[in-house]
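> Sequence and predicted structure are below.
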Amino acid sequence: MPADHMPTIPASPAGAEDAAPAALRLVGGTSTAPGAVLASTAGPLRVLCVRPWDDPGLARRGHDPRSAYVERFWVAVLGPSAVWFLRLLAREFDELAPGEDLRLDLDSTARRLGLQHRGGRTSTFMRTVDRCAMFGLACFTDGAVLMVRRHLPSVPRRLHDRIPPELRDEIGRWCRTDGHTDFSVGETRLLASCMLMLGHGLHESAERLVTLGLAPNAANEATAWAWAQRCTRPRPRQHR
């Protein structure tokens, strides 16, 4: 994917207004009725329906909001509040059941991020949401549903001037996605296991494998395998 490529905003789902209402999972405490996802446009906004914005291309070549790449480079562009918002939603999306929507209590969610939401579009929390939309990482559909990306693209080259100078040379090495390095499946899995043994997290391990020249899909598959092996490996008994 070229560095300057920014995926397009998805069209509103066809027949969304006529479809049966999806199940809603509440994040944060609220007494708002399930059907009242949004307040009147003239009144304060208290609850928001959020859905994952899936992009097959970014699923292979993009960056998880919880990855080291996003922390290192996107924070300088988006700001910390927007990145933490994307991370919070990534975690919530992982727990969604098929056909389930996410319903955010905005006051509670804002407090979780250390922000304020007094019901208006000018609150610090809503400005954070607007900032994600400004850079193409979120958008509102015609049905007033917020679509948020599961994976972020590499920082476009036109935005590199927002990144501190000491990181601009480094970003090229983190964006390497040619996959020219020829590793067997076993070697890739061994490398992923080593990354985890060194203390790197799941997403950071995959990012580091990409910088070594592995294709992102191969890095993700190897890291997922190594993580599963680590979680299922029996712990050694402690001798007294």
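Perfect, I can see it now.

> use CA for all of it now, contacts and neighbours both
OK.

> Tell me the confidence at Thr211?
Here the pLDDT value assigned to Thr211 is 77.

> tell me, how many neighbours does it end up with?
19 (other Cα atoms under 10 Å).

> For this structure, name the helix or strand with the lowest mean pLDDT.
strand 23-27 (a mean of 47; mean pLDDT, DSSP states H and E).

> Let me see the mean pLDDT of the following helix or strand past it.
Sequence order places strand 47-53 as the next helix or strand after strand 23-27, per DSSP states H and E. In this model, strand 47-53 has a mean pLDDT of 90.

> quick one: contacts for the nearest residue to Phe140 once chain neighbours are set aside?
Among residues not flanking Phe140 along the chain, Leu146 sits closest, at 4.6 Å (Cα to Cα, 6 or more residues apart in numbering). Listed by Cα atoms under 8 Å, 6 or more residues apart in numbering, the contact set of Leu146 reads Leu48, Cys49, Val50, Arg51, Ala138, Cys139, Phe140.

> got JSON lines for those, with neighbour count and distance to Ile163 too?
As requested, the contacts of Leu146 are exported to JSON lines (neighbours: other Cα atoms under 10 Å; distance: Cα to Cα, whole Å):
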{"residue": "Leu48", "neighbour count": "19", "distance to Ile163": "31"}
{"residue": "Cys49", "neighbour count": "20", "distance to Ile163": "32"}
{"residue": "Val50", "neighbour count": "21", "distance to Ile163": "29"}
{"residue": "Arg51", "neighbour count": "21", "distance to Ile163": "29"}
{"residue": "Ala138", "neighbour count": "23", "distance to Ile163": "21"}
{"residue": "Cys139", "neighbour count": "21", "distance to Ile163": "24"}
{"residue": "Phe140", "neighbour count": "16", "distance to Ile163": "27"}
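
> Going by distance to Glu95, which of these wins?
Arg51 (12.3 Å; Cα to Cα).

> count of neighbours near the nearest residue to that closest one once chain neighbours are set aside?
In this structure, Arg51 finds its nearest non-sequential neighbour in Met147, 5.0 Å apart by Cα to Cα, 6+ apart. Met147 has 21 neighbours, counted by other Cα under 10 Å.

> in the sheet, who's paired with Met147?
When bridges are called by DSSP bridges, Met147 pairs up with Arg51, Cys139.

> Just the pLDDT at it, thanks.
pLDDT, Met147: 94.

> That one reaches Cys139, doesn't it?
Yes. At 5.3 Å, Met147 counts as touching Cys139 under the criterion of Cα atoms under 8 Å.

> mind checking the end-to-end distance for stretch 54-66?
Start and end residues of stretch 54-66 are separated by 16 Å (Cα to Cα, to the nearest Å).

> For that stretch, what is the distance to the chain centroid?
Per Cα atoms, centre = their mean, to the nearest Å, the displacement of stretch 54-66 from the mean C-alpha position of its chain is 8 Å.

> Just confirm Leu196 contacts Ala206, I think it does.
No. Using Cα under 8 Å, Leu196 is not in contact with Ala206; the gap is 9.7 Å.

> Looking only at neighbour counts, state which of the two leads.
Shown here are Leu196 and Ala206; by other Cα under 10 Å, Ala206 has more neighbours (29 against 19).

> Just to be sure, the more buried one is in a helix?
Yes. Ala206 forms part of a helix when assessed by DSSP: H, G, I helix; E, B strand; the rest coil.

> which ones are touching it?
With Cα under 8 Å, 6+ apart, Ala206 has these contacts: Ala192, Pro216, Ala219, Asn220, Thr223.
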